[in-house]
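Peer 1: Return atomic coordinates for the entry below.
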Amino acid sequence: MQLSKRLAAEMFGTLWLVLGGCGSAVLAANFAGPVHGLGIGFVGVSFAFGLTVLTMAYAIGHISGCHLNPAVSVGLAVAGRFPFREVVPYTAAQVIGAVLGAWILSVIASGQLGFDLVASGFASNGYGMRSPGHYSLAAAFVCEVVMTAFFLFVILGATEKRAPAGFAPIAIGLCLTLIHLVSIPVTNTSVNPARSTGPALFVGGAAVDQLWLFWVAPIIGAVLAGIVYPAIAAAKLPAVPTRGETVS
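Peer 2: Next up is the predicted model:
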């Protein structure tokens, strides 16, 4: 598949992730409209993020691999599953898609009377006073490193040739759902630098000031998984018989 087509797939896929995942948080998580109890809460947001990845994995997995995340591209490259020379163009396409998704979401959200994009937080990530549970920088950093590492661990395992065919998107989508169920109170869940960048650029201020953590920590976690998973999952090669010998 041509690189240009793969980059287009990554852009549209990441757009969908931000529009679907962040959109559920901005538009539906705490909905207080005429229908009582319609808000989906943070559990619903967790499933929304998982569903965006699951659906796009089936839609574009065969085109681009459906990374939708610079940390995933880096982790796969470290594990030897993706060429390092394509990490930068994939990252650029993912960030562009995330910004476009955030822009579309801002247009929709601004259609509600009285909506304040900055005051809403716009599903941006943060620590300290910008953390939903006011978790510290250190807690946020550890959370993002560990959650991203396990996300990549699941991706690497589910997409191996030895894994059951056809089920990888389900495992990956459910893994992302579980990650959100754990870490939304801590950082609003990133594990994806592109997903963090899109909303942060629209919120500005402290959201942009804290954005560094949501690039550094997920990439560290991805690199760790890219090293650890191949080390424990590598199959032992059969011994090569010498002349006159057989291998049982």
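
Peer 1: From residue 70, how far out is the most centrally placed residue in the chain?
Peer 2: Centroid check for the chain by Cα atoms, centre = their mean gives residue 192 as the closest residue, at 4.1 Å. From residue 192 across to residue 70, the span is 8 Å (Cβ to Cβ, to the nearest Å). Quick note: C-beta positions are derived from backbone N, CA and C, even for glycine.

Peer 1: Can you pull the residues that touch both of the two?
Peer 2: residue 218 (Cβ atoms under 8 Å, 6 or more residues apart in numbering).

Peer 1: Listing request: residues of this structure with sub-threshold pLDDT.
Peer 2: Low-confidence segments of the chain, defined by pLDDT under 70: 32-37, 235-248.

Peer 1: mind listing the helices in it by residue range?
Peer 2: Assigned by DSSP state H, the helices in the chain fall at 3-17, 23, 41-64, 70-78, 87-109, 117-120, 137-158, 168-187, 193-203, 206-209, 213-233.

Peer 1: for the longest one, packing partners?
Peer 2: Going back to what we said before, that points to helix 41-64. Using 3 or more Cβ pairs under 8 Å, 6 or more residues apart in numbering; DSSP states H and E, the elements in contact with helix 41-64 are helix 3-17, helix 168-187.

Peer 1: Now distance to residue 152 too, for the ones you listed, in CSV please.
Peer 2: Listed next are the helices and strands packed on helix 41-64 as CSV, based on distance: least, Cβ to Cβ, whole Å:
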stretch, distance to residue 152
helix 3-17, 16
helix 168-187, 10
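
Peer 1: what's the closest of those helices to residue 25?
Peer 2: Proximity to residue 25 (Cβ to Cβ) singles out helix 168-187 among the helices and strands packed on helix 41-64, at 8.6 Å.

Peer 1: would you list the helices of the chain in TSV and tack on mean neighbour count?
Peer 2: Listed next are those as TSV, based on neighbours: other Cβ atoms under 10 Å:
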stretch	mean neighbour count
helix 3-17	21
helix 23	23
helix 41-64	20
helix 70-78	27
helix 87-109	20
helix 117-120	14
helix 137-158	21
helix 168-187	20
helix 193-203	27
helix 206-209	16
helix 213-233	20
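
Peer 1: out of the ones you listed, which comes closest to residue 130?
Peer 2: Of the helices of the chain, nearest to residue 130 by Cβ to Cβ is helix 206-209, at 5.8 Å.

Peer 1: Need the residues that contact that closest one.
Peer 2: Taking Cβ under 8 Å, 6+ apart as the rule, helix 206-209 contacts 121-122, 124-126, 130, 199-201.

Peer 1: of all those residues, which two lie farthest apart?
Peer 2: 130 and 201 (15.1 Å).

Peer 1: Okay, residue 190 and residue 184: tell me how far apart.
Peer 2: For residue 190 relative to residue 184 (Cβ to Cβ), the value is 10 Å.

Peer 1: typo on my end, residue 144
Peer 2: On the measure of Cβ to Cβ, residue 144 and residue 184 end up 12 Å apart.

Peer 1: thinking again about what came up before, if we compare the helices of the chain, which one ends up closest to residue 31?
Peer 2: That would be helix 41-64 among these, by Cβ to Cβ, at 9.7 Å.

Peer 1: Work out the gap between that closest one and the centre of the chain.
Peer 2: Computed by Cα atoms, centre = their mean, to the nearest Å, the chain-centroid distance of helix 41-64 equals 9 Å.

Peer 1: same question, stretch 173-181
Peer 2: With Cα atoms, centre = their mean, you get 10 Å for stretch 173-181.

Peer 1: For the closest residue to residue 193 other than its chain neighbours, give me its contacts.
Peer 2: Nearest residue to residue 193, sequence neighbours excluded (Cβ to Cβ, 6 or more residues apart in numbering): residue 215, at 4.4 Å. Shown in contact with residue 215 (Cβ under 8 Å, 6+ apart): 70, 193, 196-197.
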